[in-house]
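Asker: Everything below, folded, please.
(one chain, ligands or ions: 2)
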Amino acid sequence: MNFLEKYKDEFEKYDRMDHDFIDDDKIWAQLNKWENPSKEDVRRVLKKAEQCVRLDPEETAILIQNKDEETIQEMYELAHRLKEEVYGDRIVFFAPLYISDECANDCVYCGFRCSNKAMHRKTLSMDEIEQEVRIMIEEGQKRTVLVYGESPSTQVDFMCDTVRKVYSVKSKHGEIRRANINCAPLTVEELKKLKEVGIGTFQVFQETYHHETYRKMHPAGTIKGHYRWRLYCMDRAQQAGVDDNGIGVLFGLYDWRFEVMGLLYHTIHLEETFNGVGPHTISFPRIKFATGTPFSEHPEYEVSDQDFKKLVAILRLSVPYTGLICTAREPDSVRREVIPFGVSQIDAGTRIGVGAYAQSKNANGLPDKEQFTIGDTNSLDSTVREICEMNCIPSFCTACYRAGRTGEQFMKVAKSRFVHNFCIPNAIFTLKEYLLDYASDETRKKGEEVLAKHIAQFKGEPVYDKIQENLKRIENGERDLRL
Ligand code: SAM
Ligand code: SF4
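Answerer: Ligands and ions are numbered 1, 2, ... in the order given. Below you'll find the predicted structure:
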């Protein structure tokens, strides 16, 4: 069968629907209605947000349209407080592993699009994947996201093989304990296969929720040209039992205010359809320069740093129980700015070229094999240190997903504010492992200070002795201890 016609029957099903859950006119009407909210309007919404509940679209529109400095500061303060309450001060670390840059789609913003002749095309072999994973483990990584284009050489059975391969690699004390996936939308049957091999989060970004912009960015005749096939991808994931899902927007394609509303509507749709289970994470990449990709140089709706900061805080306030991922696309200065407003995950030590962990010590070293250029080229070690210097605790924890606390189970845990009690101890154990096995002297010193401060928080609580006991066991050489 022609690869591009692979999902033809499925497309027809979606084409027959008379509408989907993104109503462009309604979103603009809501944003326009609240063009100039008063301080009282904003404070009313913040009062509700204090309860740690998901906001309604009109409430989020009020925050989006707020231009008053005083109440914007109040938004930042509350976003910071909610982040601390729900997630504690831990930051979860991961790194991407690019498996293939072969792609049959032609997304105008992406270095991997099929019409880009400046790209060297390559899908890693199993041996090459092993080599990449070994280097990642030896740098201290425990969590990865596997990234693929959409092509005949990276179909679901191949993806399953790559996941199995990643989990099979052991090096000295380490292994990858959680492999997330970022790939094209799949069918329910395909997703069931991914579930069987034990993927972590399944991520697909809508890129833009605005129908007309989506059409312009993703040419007709390509698989990705089908807006609804992508929009309902997480519904299919839930139907397949893949209940740990990540959604996202590529900021710069359309007005950021509309896109934040789109993310909220997507969350509401999933929560309403699947018994309260919304997305596990939201990503908010901004477009970065990509080789051979003129569109990426001056995106029409480029988001300023100021608006970026605001949108992160608004997401935190609007969906308090959804993890927020700030990727290494952002320079470390921007990352430092937005972490306090709600970010719960970052990638570090990142290389995004296909084969780049083996071929290049530095990020951005292989422009004809990289989807775009990244802004944060620091090593994992220095980023761990930096996060410690911010008085946050780096975490490599993978406990929840391995204990089956995903989807509805995770939501129960998250919503009862239980995350803090499980996650901080597990962050302590995994940071301790990192400091013993991989850290430079300088990072170890800083990390030990952060550990001491976090352990002290538990004094007098029943879990304190367990934490001390596990730390002793880790010092004596045991690994992968968790609550
Ligand atoms: N090919 C799959 C897809 O499109 O769904 C997998 C994802 S792609 C390799 C990962 C993500 O990178 C895309 O969903 C998009 O949001 C983002 N991306 C693409 N081009 C980018 C650019 N120039 N700058 C920053 N992010 C970009
Ligand atoms: Fe292919 Fe994904 Fe890039 Fe689009 S964004 S060209 S689907 S790799």
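Asker: who's in contact with residue 295?
Answerer: 108-109, 287 (CB atoms under 8 Å, 6 or more residues apart in numbering). Quick note: C-beta positions are derived from backbone N, CA and C, even for glycine.
Asker: Can stretch 205-216 be said to contact ligand 1?
Answerer: Yes - judged by CB under 6 Å from any ligand atom, stretch 205-216 and ligand 1 are in contact via 205, 207.
Asker: for that stretch, what is the average pLDDT?
Answerer: Summarised as a single mean, pLDDT over stretch 205-216 is 98.
Asker: who touches it?
Answerer: 22, 24, 107-108, 182, 217-218, 225, 227, 230-231, 247-250, 253-255, 258-259, 261-263, 265-266, 283, 285.
Asker: Intersect these with the contacts of ligand 1.
Answerer: Applying CB under 6 Å from any ligand atom to the contacts of stretch 205-216, those adjacent to ligand 1 are 182, 250, 285.
Asker: give me the low-pLDDT residue ranges for this protein?
Answerer: Applying pLDDT under 70 to the chain flags residues 410-420.
Asker: and it, which residues reach ligand 1?
Answerer: 109-110, 147, 149-150, 182-184, 204-205, 207, 250, 285, 287-288, 290, 296, 329, 371-372.
Asker: Could you restrict these to the ones contacting ligand 2?
Answerer: Restricting these to those near ligand 2 - CB under 6 Å from any ligand atom - leaves 110, 149-150, 184.
Asker: of the residues you listed, buried ones?
Answerer: Buried members of these, counted by 16 or more other CB atoms under 10 Å: 110, 149-150, 184.
Asker: now the residues you listed in a markdown table, with secondary structure?
Answerer: Shown next, in a markdown table, are those (DSSP: H, G, I helix; E, B strand; the rest coil):
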| residue | secondary structure |
| --- | --- |
| 110 | coil |
| 149 | coil |
| 150 | coil |
| 184 | coil |
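Asker: for residue 200, what are its contacts?
Answerer: 143, 178-181, 244, 398, 401.
Asker: Return the closest of those with respect to residue 163.
Answerer: residue 179 (5.3 Å; CB to CB).
Asker: element containing the closest one, please.
Answerer: strand 178-182 (DSSP states H and E).
Asker: again with residue 146
Answerer: strand 143-147.
Asker: who does that strand pair up with?
Answerer: strand 90-98 (parallel), strand 178-182 (parallel) (DSSP bridges).
Asker: So which bits of this protein are right by ligand 2?
Answerer: 103, 105, 107, 110, 112-113, 149-150, 184, 224.
Asker: again, only using 5 Å
Answerer: Residues of the chain lying near ligand 2 by CB under 5 Å from any ligand atom: 103, 105, 107, 110, 112-113, 149-150, 224.
Asker: Generate the PyMOL command that creates a selection of the buried members of the contacts of stretch 205-216.
Answerer: Provided next is the PyMOL selection string for whichever of the contacts of stretch 205-216 are buried by 16+ other CB under 10 Å:
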select buried, resi 22+107+108+182+217+218+225+227+230+231+247+248+249+250+253+254+255+258+259+261+262+263+265+266+283+285
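Asker: so what are the domain limits for the protein?
Answerer: 3-23+81-378, 416-475 (automatic domain parsing).
Asker: Cool, thanks, talk later.
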